[in-house]
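Novice: Dropping the sequence and predicted coords here.
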Number of protein chains: 4
Amino acid sequence: MSANNERGGRTFIEEARRAQIIQCAVDVIAESGYARATMAEIGKRAGIAKSVISYHFADKGELMQELVRTAVATYTQFLEPRLAAQPTAAGKICAYVTGSAEYMSTYTNMHLAVLEVAFNGLGPDGRPLTASIPLETHKPTLERILHDGQVSGELRQFDVRVMAGLLRSAVTHTMVMAQRADPDVDLDSYARELATAFALATRDRP
Amino acid sequence: MSANNERGGRTFIEEARRAQIIQCAVDVIAESGYARATMAEIGKRAGIAKSVISYHFADKGELMQELVRTAVATYTQFLEPRLAAQPTAAGKICAYVTGSAEYMSTYTNMHLAVLEVAFNGLGPDGRPLTASIPLETHKPTLERILHDGQVSGELRQFDVRVMAGLLRSAVTHTMVMAQRADPDVDLDSYARELATAFALATRDRP
Amino acid sequence: MSANNERGGRTFIEEARRAQIIQCAVDVIAESGYARATMAEIGKRAGIAKSVISYHFADKGELMQELVRTAVATYTQFLEPRLAAQPTAAGKICAYVTGSAEYMSTYTNMHLAVLEVAFNGLGPDGRPLTASIPLETHKPTLERILHDGQVSGELRQFDVRVMAGLLRSAVTHTMVMAQRADPDVDLDSYARELATAFALATRDRP
Amino acid sequence: MSANNERGGRTFIEEARRAQIIQCAVDVIAESGYARATMAEIGKRAGIAKSVISYHFADKGELMQELVRTAVATYTQFLEPRLAAQPTAAGKICAYVTGSAEYMSTYTNMHLAVLEVAFNGLGPDGRPLTASIPLETHKPTLERILHDGQVSGELRQFDVRVMAGLLRSAVTHTMVMAQRADPDVDLDSYARELATAFALATRDRP
DNA sequence: AATGAATGAGATTTCATTCAT
DNA sequence: AATGAATGAAATCTCATTCAT
């Protein structure tokens, strides 16, 4: 890898391989769980020797880090316009829930994989990173949305951190569990149910 | 272990050892994460050789299974009277959330450990058991409560499975994340905030 | 290994195994060189699985460290009485050279192995330890002997560090090379030749 | 490489590349030790891909062999006129020691590197070459000088192989160790000390 | 002449599990 | 009932080497 690793300056082919490897890692993790996602398994899935992974990523940690980075970027790009399109806080909340469901339908494995990594993966220090970075990604955004809604009088007075946390859980936990329990679940209507619940829980006038 | 394992017929000492080992596993998992909870580490914590664990449990899977069984039983015993004490659906929902917070304060490590196991552990088939048994434990109970509330006209018409799922997530995910982010968080008031949200989201008349 | 590693408190059997493993490592290194002395190779020589080595030593570094420690202690125990028996500086110098030759005949592999480790081994920091500790072991002793000889007027005025260095080299390098070139070399007479040279090079009156 | 490798018939550019690669190998080995001198590292130092090294040298063994050959040739060219300039055996001995010190000051890395290779490198058979070729290079020359000195009556009767070995060690071991211990050591005066010692140890009349 | 990419062999280390005592 | 000792499978990572371009 040598100099390439240091940010920027990567071949087209290299980018393609990295993307392919990340995708295979995503698939293996989503289908078989983090514990089974060994270098050998990922390599087998990609049809390459496991040392090829070592060639393109400094170590397993970097691979997982890149996987998470990719997933978060994809998710954010997916969600942002949908949030921006809604003028009201209620609209944004609904868009967050339904948009996440839509994302989850489109990028199922990626959504599952990033959660697996978040819960099972270890940081560089060897300690579990347990959802530290990835899952908290959108919390600041959510808190701002909720806060603005309270200021404008659209939403009632509640603890924004609690509600933001519940919103995150609804998306990264509730829906994921539902889909795991029944892969054929209709995420769309599931999300609408959740959105209704949040609308009632957050609106100002009872 | 010989014949003893097959349910029943365990010495008093045996039971004590098993309980001790489970407790040590709980502590190690809660403090250091599932990945670090090796047999050696658990044994060290218990002050015994790791082979003693193998002596009392068929394999690591059985240990984890028993850990989960214990935790679920404790949780259920803790929660049941609190639910029974509430005549209304709204009361039961509130009791579920606040009771869980109370449980989480009392049995912090157990609550954390069982989630770690649920997310990271592997089933007998080698596939991740991801929340299969443990997290779904109270879902039927919750669904019944919600359903009864709808029938009696106390609660509005929503999809009980969705709402039950969200309730489970609030307890096993939202609050846990909150505590991880800030170990000094006041779980009591956190739970009250959640309870309010659920009251608004589920009550019949707006 | 657990608690045992922490100094003291080792089983008899464990000590025996450690000694056996060290001895096998010595033999492999002396016969095939440091590069070939892999865990697998050492294990094979000892007739044990390579993981047994890991069981008794924290890592390869600790094994090498113990090997060097053992060798240095053996060498020192061998040499000390021979030095103490000589009252004069000249006698001690001669005893150092001839005693080392005798040691080398008795513990050939150990002498060779410790030099291999010194030159090829890596320290905990990953940098080569190149003879740092082991080879310098007796230099202070030599320097004191030479210094005392100068003070008493028995030896001429020379730089004691240079002469001590040359003495060390004669023993760890000249004789070793000679034996490698011809394994049947008579170390005894070889040492006597060296001793004569040093006597002439150090005595006071020409 | 095709046919070029077989001696002779190398482009000017080819020769330049080979020389550059050898020099970089020398520097890496001297500064970081043999174990760290991987193809990748040497390539990085030279600013070329590691496959370029494979292109110019059959394998790592050939590179090291060429490195040693170059170093020995340089050393010999450096030393020869200094030896020839001295008519007496004593003068040649002194010139050998001081000349080597001068060489070591001028080509520090090369001197260090060739020793590293001699001690750590493996021969074509996979066995360590341990100083076989390189370190013995000048021993015949030294033995002849010593022998001639004895015949002419200038030097006393000693075993020329032993004394030649000690002379080699003084240069390849004693001085190297001294410089490693203290990089600022004054090699010139160090060499003069050694020369005096050898003069006393070898001259005929006490 | 040069190189990026790929590869496979091999080294170290971890860990659940087994076994004789 | 307990344990120290041993084991083998598996995982990660390194490195010299090869090959198509």
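Specialist: Structure's in. What do you need?
Novice: Going by C-alpha atoms from here, please, whenever you check contacts or count neighbours.
Specialist: Will do.
Novice: Beyond the helix or strand encompassing residue A:70, next helix or strand please.
Specialist: Here residue A:70, judged by DSSP states H and E, is contained in helix A:60-84. Counting by DSSP H and E, the next helix or strand C-terminal to helix A:60-84 is helix A:89-106.
Novice: Which of the residues in that following helix are classified as buried?
Specialist: By 16 or more other CA atoms under 10 Å in any protein chain shown, the buried positions in helix A:89-106 come out as A:89-104.
Novice: does chain B sit close to it?
Specialist: No: figure legend: helix A:89-106 not in contact with chain B (CA under 8 Å from any CA of the partner chain); closest approach 12.6 Å.
Novice: distance between that helix and the chain's centre?
Specialist: Offset of helix A:89-106 from its chain centre (CA atoms, centre = their mean, to the nearest Å): 13 Å.
Novice: How about stretch A:145-163?
Specialist: On CA atoms, centre = their mean, the centre of stretch A:145-163 falls 24 Å from the chain's centre.
Novice: how far does that stretch stretch from start to finish?
Specialist: Terminal residues of stretch A:145-163 are spaced 11 Å apart (CA to CA, to the nearest Å).
Novice: repeat for stretch A:148-168
Specialist: 18 Å.
Novice: Can you report phi and psi for residue A:203?
Specialist: Phi and psi for residue A:203, reported as degrees, to the nearest 10, are phi -60, psi 160.
Novice: Just give the number of residues close to the residue lying closest to it once chain neighbours are set aside.
Specialist: What sits nearest to residue A:203 in space, not counting adjacent residues and going by CA to CA, 6 or more residues apart in numbering or on different chains, is residue A:155, at 4.5 Å. Applying other CA atoms under 10 Å in any protein chain shown, we find 21 residues neighbouring residue A:155.
Novice: thought residue A:155 was touching residue A:201?
Specialist: No: at 9.2 Å, residue A:155 does not count as touching residue A:201 under the criterion of CA atoms under 8 Å.
Novice: per-residue pLDDT, residue A:171?
Specialist: Here, the pLDDT recorded for residue A:171 equals 95.
Novice: Quick one: neighbours of it, just the number.
Specialist: By the criterion of other CA under 10 Å, residue A:171 has 22 neighbours.
Novice: That one and residue A:101 touch, don't they?
Specialist: Yes: with contact defined as CA under 8 Å, residue A:171 and residue A:101 form a contacting pair (7.4 Å).
Novice: pull the helix or strand with minimum mean pLDDT from chain A.
Specialist: helix A:133-136 (a mean of 67; mean pLDDT, DSSP states H and E).
Novice: Okay, helices next: where are they in chain A?
Specialist: Taking DSSP state H, the helices of chain A run over residues A:12-32, A:39-46, A:50-56, A:60-84, A:89-106, A:108-120, A:133-136, A:139-151, A:160-169, A:175-181, A:187-202.
Novice: From what I see, residue A:90 and residue A:199 are in contact.
Specialist: Yes: taking contacts as CA under 8 Å, residue A:90 lies within contact range of residue A:199: 6.4 Å.
Novice: any residue of the helix holding residue A:70 up close to chain B?
Specialist: No: figure legend: helix A:60-84 not in contact with chain B (CA under 8 Å from any CA); closest approach 14.6 Å.
Novice: tilt between that helix and helix A:12-32?
Specialist: Angle between the axes of helix A:60-84 and helix A:12-32 is 90 degrees (criterion: axes from the mean of the first three to the mean of the last three CA atoms, to 10 degrees).
Novice: Next, see if helix A:60-84 gets close to DNA strand E.
Specialist: No: counting by CA under 7 Å from any atom of the strand, DNA strand E is not contacted by helix A:60-84; separation bottoms out at 13.9 Å.
Novice: Mind giving me the packing neighbours of that helix?
Specialist: Applying 3 or more CA pairs under 8 Å, 6 or more residues apart in numbering or on different chains; DSSP states H and E, one finds that helix A:60-84 contacts helix A:12-32, helix A:89-106, helix A:108-120.
Novice: Can you say which of the ones you listed is nearest to residue C:73?
Specialist: Proximity to residue C:73 (CA to CA) singles out helix A:108-120 among those, at 47.3 Å.
Novice: shaky segments in chain A?
Specialist: Judged by pLDDT under 70, chain A has its weakly predicted residues at A:1-8, A:130-135, A:206.
Novice: Give me every residue in it that's in contact range of DNA strand F.
Specialist: Neighbours of DNA strand F within chain A, by CA under 7 Å from any atom of the strand: A:36-40, A:50-51, A:54-55, A:58-61.
Novice: Check the gap between the residue lying closest to residue A:192 once chain neighbours are set aside and chain B for me.
Specialist: For residue A:192, ignoring the flanking residues on the chain, the nearest one in space by CA to CA, 6+ apart is residue A:98 at 6.6 Å. Using CA to the nearest CA, to the nearest Å, we find residue A:98 at a distance of 14 Å from chain B.
Novice: could you measure the residue nearest to residue A:203 against residue C:195, distance?
Specialist: Counting by CA to CA, the gap from residue A:155 to residue C:195 is 97 Å.
Novice: And for residue A:97?
Specialist: 89 Å.
Novice: do the same with residue A:25
Specialist: 68 Å.
Novice: In terms of packing, which of the two has more residues around it?
Specialist: Set side by side, residue A:25 and residue C:195 show more neighbours around residue A:25, with 27 against 22, by other CA under 10 Å.
Novice: Let me know whether stretch A:112-128 sits next to chain B.
Specialist: Yes: Stretch A:112-128 lies within reach of chain B by CA under 8 Å from any CA, at A:116, A:119, A:120, A:127, A:128.
Novice: I'd like to check which residues are in contact with the third one.
Specialist: Okay, so that is residue A:120. A:34, A:35, A:128, A:129, A:130, B:34, B:35, B:119, B:120 (CA atoms under 8 Å, 6 or more residues apart in numbering or on different chains).
Novice: among these, who's most crowded?
Specialist: residue A:34 (26 neighbours).
Novice: what about the nearest residue to it once chain neighbours are set aside, distance to chain D?
Specialist: Sequence neighbours aside, residue A:116 is the residue nearest to residue A:34 in space, at 6.0 Å (criterion: CA to CA, 6+ apart). Going from residue A:116 to chain D by CA to the nearest CA gives 35 Å.
Novice: Against residue A:67, how distant is residue A:116?
Specialist: In terms of CA to CA, residue A:116 sits 11 Å off from residue A:67.
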